[in-house]
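Participant: I would like to see how this sequence folds:
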Amino acid sequence: EDELMETNSFSGNGGANRFYGSFGYTIIKGLSLGIEGEYLFGNINNDILNQRRDIAFNTKHELISNLSGTSLKLGAQYHKRLKNDLNLSLGVSLKLKNTIKATSEEYMYSSTRINGIEFHKDTVVSNQNIKGEITRPTTITTGIGIGKANKWLIGFDYESQKELDFDESIFHNNNK
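Facilitator: Numbers count the residues shown, from 1 in each chain. Next up is the predicted model:
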């Protein structure tokens, strides 16, 4: 006879927002250069709720992370008009390595629900102002496209970057 003895519920919400602006300039016929600046911000909340049968209180682990950072992207694009009204476009962009700062808060406590309202009892862990960084590596993007203006376009883009590097303390639940 299999009886459910324990359940773990995982939930999360939030995300990152991006505010950016860009500027481009044609330096010679067919060749344009551009720059884009970005401000990234947001928050991410992750919860783990552990419930055990015949125990009145649950255990809840919360991790709340606030993010902010900036980045810079440089680009170049070349346009050439070919025969038969075809247009050729070649492009390359370089998003420079940047750092996103993260500040986190971590809590673990006993809780119970009465009429759909969660009540906290004992706080076992309370770590506030945990600081860390997420490093986004340099990203290189290249592309080529051919088509007829306002009719059709066939293109290929290739993007390359190394993995993200981040402090585990800002997103890790330390096996609690």
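
Participant: Low-confidence stretches in this structure?
Facilitator: 1, 166-176 (pLDDT under 70).

Participant: tally of neighbours for Gly143?
Facilitator: When neighbours are counted by other C-beta atoms under 10 Å, Gly143 registers 15. Bear in mind the C-beta positions are built from the backbone N, C-alpha and C, glycine included.

Participant: How about the one 5 residues further on?
Facilitator: In terms of burial, Lys148 registers 11 neighbours under the definition other C-beta under 10 Å.

Participant: any idea how far His79 is from the closest residue to it other than its chain neighbours?
Facilitator: Nearest residue to Lys148, sequence neighbours excluded (C-beta to C-beta, 6 or more residues apart in numbering): Asp85, at 5.5 Å. Plainly put, Asp85 is 13 Å away from His79 if you go by C-beta to C-beta, to the nearest Å.

Participant: can you give me the helices in the chain?
Facilitator: Assigned by DSSP state H, the helices in the chain number zero.

Participant: Show me where it has its strands.
Facilitator: In the chain, the strands defined using DSSP state E lie at 6-28, 31-52, 58-81, 87-95, 98-114, 117-136, 139-148, 152-160, 165-166.

Participant: helices or strands up against the longest one?
Facilitator: The one in question is strand 58-81. Counting contacts by 3 or more C-beta pairs under 8 Å, 6 or more residues apart in numbering; DSSP states H and E, strand 58-81 packs against strand 6-28, strand 31-52, strand 87-95, strand 98-114, strand 117-136.

Participant: What residues sit buried inside it?
Facilitator: Of all the residues in strand 58-81, those buried under the rule 16 or more other C-beta atoms under 10 Å are 58-65, 67, 69, 71, 73, 75, 77.

Participant: for those residues, which one is nearest Gly21?
Facilitator: Nearest to Gly21, judged by C-beta to C-beta, of these is Lys73 at 11.0 Å.

Participant: That's all I had, so thanks and see you.
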